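**Q** Could you work out the structure for the sequence below:
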Amino acid sequence: MPLTITQSNKKDYISRDFIFNARKDKIVIGWKVFGIGKNFEIDCDEVKEFKVLDENSKPFKTSSALKKTGGAVVGGLLTGGVGAIIGAMITGNKTKKDLKINLGFKLKNKDWFIATLDVEDKESFTGGMEKSVIEEVIKRFSVKSEAPF
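**A** I've put the predicted structure just below:
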């Protein structure tokens, strides 16, 4: 899931994607493609205050029934019933680390919004890309870190 506006004093911002365009030094909220859709462009200089509100990360395990079945079959063929149980146990679990970050922005015109990143696996390719975007946003706005959220 990309960065999304989860709270704001402007209803038009809520549930729209948050895009940071470093090249143009702008924040873009929402999408507009071929004149369809709605977006809001905000110059980064219009951001009066910024704060990383929280960052939560916790590991969780996922399991795949197909992998467990395959592990059980291989284990059962090699060593019998006990091998089937052990094979199912060791092949089907994968630990992921989810990541949730909330970024608060207050603009000079008194508007404010909170952009939320909620990634299921921060170690995945897309999770890594999203985290790098967050790091760029934090680097750009780190001098404006007194938002009273």
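**Q** all strands of the chain, in order?
**A** 4-8, 18-21, 26-33, 36-43, 47-63, 93-107, 112-119 (DSSP state E).
**Q** measure F50 to K139 for me?
**A** The gap separating F50 from K139 is 11 Å, by CB to CB, to the nearest Å. Where you see a C-beta, it was placed from the backbone N, CA and C, and this is true even at glycine.
**Q** Kindly report the same for N102.
**A** Computed as CB to CB, the N102 to K139 distance reads 17 Å.
**Q** So for those two, which sits in the more crowded spot?
**A** Remark: of N102 and K139, N102 carries more neighbours, 18 against 10, as counted by other CB atoms under 10 Å.
**Q** ok, now which ones touch that one?
**A** Residues near N102 by CB atoms under 8 Å, 6 or more residues apart in numbering: 6, 52-54, 114-116.
**Q** Go through those residues and name the one nearest V33.
**A** Lowest distance from V33 to the contacts of N102 (CB to CB) belongs to A115, with 20.7 Å.
**Q** Provide the partner residues of that closest one in its beta bridges.
**A** Counting by DSSP bridges, A115 forms beta bridges with I5, L103.
**Q** residue contacts, it?
**A** Under the criterion of CB under 8 Å, 6+ apart, the neighbours of A115 are 3-6, 18, 102-103, 105.
**Q** quick one: low-confidence parts of the protein?
**A** Low-confidence segments of the chain, defined by pLDDT under 70: 1, 55-99, 120-128, 143-149.
**Q** again, only using 50
**A** 57-78, 83-86, 88-89 (pLDDT under 50).
**Q** Scan it for its longest helix.
**A** Longest helix in the chain, counting residues (DSSP state H): helix 125-141.
**Q** same for that helix, what does it pack against?
**A** Helices and strands touching helix 125-141, by 3 or more CB pairs under 8 Å, 6 or more residues apart in numbering; DSSP states H and E, are strand 18-21, strand 47-63, strand 93-107, strand 112-119.
**Q** Could you rerun that using 6 Å?
**A** Helix 125-141 makes packing contacts with strand 112-119 when contacts are defined by 3 or more CB pairs under 6 Å, 6 or more residues apart in numbering; DSSP states H and E.
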